[in-house]
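Undergrad: here is the input, now give the coordinates:
(one chain, ligands or ions: 1)
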Amino acid sequence: MIRAAVRVLVSNWDGGYTIPSRRLYPHQWSWDSAFVAIGNARWSPRRARTELLSLFGAQWYDGRVPHIVFNPAVPDGAYFPGPAFWRSRAPSGSATSGLVQPPVHALAAWKTHLAEPDVAFLRRIYPRLVAQQEFLRVARRSPEGLVSIVHPWESGMDNSPAWDLPLQAVEAGAAGFVRKDLDAVSADERPTDRDYQRYVALARAYRDSGYRDPGAFQVEDPLFNAAYGVAESTLAKIAAECGLDPAPHEREAASITAAMVEHLYDDGLFHARDVRTGCLVRSSSAAGLTPLLLPGLPREIVNALVGTALDRFALKDGVLPSYSPSAPEFDTARYWRGPSWINLAWLVWQGLKDRRPDLAAPLAEGMIAAVFGAGFREYFDPFTLRGHGCHDFSWSAALILDVVAEHGLEGVPAAGGEVGEQPGGFGEAGDVGDHVLL
Ligand code: DGY
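TA: All right, here's what the predicted structure looks like:
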């Protein structure tokens with residue numbers, strides 16, 4: 001399995017970064033690169049550093065790290081919306097989108113450093129990570145002290161049922177575009193056409209404002225804010241390692257944690273808040289569990305989140321659905337509306353490892369069992385572990401390397417099971433030499 005994971009990462013490597021998937025996502029995606037770096041750090045820290053530095057090479061002057069950096073060698077028609085839609089370039093000259101994604105990159109940089117200490121790398125990336133946070137503070141912070149997203153794609157959980165209500169305020173607009181995602185994945189596993197029309201209308205309006213004015217969608221997402229807070233507490237460690245003052249980052253991490261508890265927490269789960277109405281958007285999204293990542297989360301909130309994870313997300317079974325199966329909107333196979341994703345499970349696993357190792361262990365085993373049975377698929381049915389979405393998906397491979405490095409191979413059936421029984425499971429990995437193994 002380790003060989004197969006490395007093979008996926010090697011075959012998705014484009015020279016300076018890793019594409020998430022050859023057919024569906026043929027460019028560089030922001031939070032994908034962070035997760036990939038976390039996995040690459042386990043076998044090639046040099047590749048992990050290159051991955052992060054290449055992404056930050058496309059950072060804008062205002063500090064934003066675009067959610068897609070386009071590869072000029074890939075034809076414009078290969079992905080929609082491509083460079084011709086976004087019409088924006090980073091100072092480096094790269095064509096990019098103008099949206100952002102959850103800032104999990106400081107965590108990735110720190111884990112890369114832990115795998116192979118390299119203060120020169122930390123010194124190089126630290127100001128870029130600080131600028132990424134600064135953009136969010138300047139452009140996106142509300143008086144309540146929380147950071148907002150202006151498009152569901154910025155959440156990373158594009159069509160989560162959590163966005164159904166806020167998206168009602170968005171005019172769908174005329175179609176006038178051809179979806180490329182349906183060439184690679186079946187329509188019942190992807191967002192609907194109606195959702196897509198809204199995504200495109202929102203992105204177009206944001207683009208036409210010069211990527212400045214939030215349009216009809218503006219929400220404070222618990223996962224995004226948790227990532228922002230973890231970035232600050234991680235920047236404190238990076239600053240200290242570079243001989244700089246960690247205190248401002250520690251203060252910022254404490255203040256976002258307090259703001260999240262005050263404004264986004266209710267009844268055992270964190271929820272998004274609609275900035276336009278000021279109302280909490282109560283949902284059953286597993287994004288509401290990711291504040292477990294915050295080191296300063298009060299103990300009683302941690303306990304309540306764990307209770308919710310056990311009751312409404314069946315955490316003890318080891319497989320985390322992206323949306324609670326007890327909620328009516330739950331869907332086993334459609335993108336972010338219920339299937340289990342390795343990155344989401346990994347984030348919650350990070351938050352549980354020190355606090356509840358008894359629950360972190362089955363979660364690690366659940367991630368391993370999912371890829372053992374179905375291969376490195378994009379997402380998995382949380383009941384049957386059947387794979388969905390694209391094949392050979394980079395972050396599924398990368399994060400499994402990280403989980404296995406820490407947890408071991410518990411969860412892999414000892415004998416008898418054929419690796420990759422389902423079509424799309426592991427292929428031959430003989431092309432990857434032993435020197436790349438952990
Ligand atoms: C997609 O194309 O589905 C991406 O999530 C948008 O960034």
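Undergrad: quick check on Cys390: phi, psi?
TA: Here is the backbone geometry of Cys390 (degrees, to the nearest 10): phi -80, psi 170.
Undergrad: err, Gly176, not the other one
TA: phi 60, psi 20.
Undergrad: that one: neighbouring residues, count only.
TA: 8 (other CB atoms under 10 Å). From N, CA and C alone the C-beta is placed, and that goes for glycine too.
Undergrad: how much space between it and Tyr196?
TA: Using CB to CB, to the nearest Å, Gly176 is found at 11 Å from Tyr196.
Undergrad: what's the answer for Ala78, then?
TA: Ala78 is 17 Å from Tyr196, by CB to CB.
Undergrad: show me the contacts for the residue in the stretch 301-438 of the chain that the ligand sits nearest to.
TA: At 7.6 Å from the ligand, Tyr335 is the closest residue in the stretch 301-438 of the chain, using CB to the nearest ligand atom. Counting by CB atoms under 8 Å, 6 or more residues apart in numbering, Tyr335 touches 158-159, 189-191, 379, 389.
Undergrad: 10 Å instead?
TA: 157-160, 181, 185, 188-192, 195, 322, 341, 378-379, 388-389 (CB atoms under 10 Å, 6 or more residues apart in numbering).
Undergrad: ok, and which of these reach the ligand?
TA: Contacts with the ligand within the contacts of Tyr335, counted by CB under 6 Å from any ligand atom: 158, 181.
Undergrad: give me the subset of the contacts of Tyr335 lying in helices.
TA: Taking DSSP state H as the definition of helices, those contribute 181, 195.
Undergrad: ok, Ala364 touching Asp358?
TA: No - the pair Ala364 and Asp358 does not pass the contact test of CB atoms under 10 Å, sitting 11.7 Å apart.
Undergrad: what sits in contact with each of the two?
TA: Contacts common to Ala364 and Asp358, judged by CB under 10 Å, 6+ apart, are Leu352.
Undergrad: the more surrounded of Ala78 and Tyr196?
TA: Tyr196 (21 against 16).
Undergrad: what sits against the more buried one?
TA: Contacts of Tyr196 by CB under 10 Å, 6+ apart are 80-81, 158-159, 172, 175, 177, 179, 181-182, 190.
Undergrad: swap the cut-off to 8 Å and go again
TA: Tyr196 touches Arg179, counting by CB under 8 Å, 6+ apart.
Undergrad: ok now stretch 33-53, how far from the chain's centre?
TA: The chain centre lies 15 Å from the centre of stretch 33-53; the measure is CA atoms, centre = their mean, to the nearest Å.
Undergrad: report the buried residues of that stretch.
TA: Neighbour-count burial for stretch 33-53 flags 33-45, 47-53 (criterion: 16 or more other CB atoms under 10 Å).
Undergrad: Ser322: neighbour count?
TA: Per other CB under 10 Å, the neighbour tally for Ser322 reads 26.
Undergrad: ok, now Ala247?
TA: Ala247 has 11 nearby residues by other CB under 10 Å.
Undergrad: for it, give its distance to the ligand.
TA: 36 Å (CB to the nearest ligand atom, to the nearest Å).
Undergrad: now that residue. Nearest residue, chain neighbours left out?
TA: Ala236 (7.7 Å; CB to CB, 6 or more residues apart in numbering).
Undergrad: also Asp213?
TA: That would be Tyr206: by CB to CB, 6+ apart, it lies 7.3 Å from Asp213.
Undergrad: flag the shaky bits of the protein, pLDDT-wise.
TA: 411, 413-438 (pLDDT under 70).
Undergrad: in three-state terms, label Phe80 for me.
TA: Judged by DSSP: H, G, I helix; E, B strand; the rest coil, the three-state class of Phe80 is coil.
Undergrad: for the nearest residue to it once chain neighbours are set aside, give me phi and psi.
TA: Once flanking residues are discounted, Phe80 sits nearest to Lys180: 4.4 Å by CB to CB, 6+ apart. The phi and psi torsions at Lys180 (degrees, to the nearest 10) take the values phi -100, psi -20.
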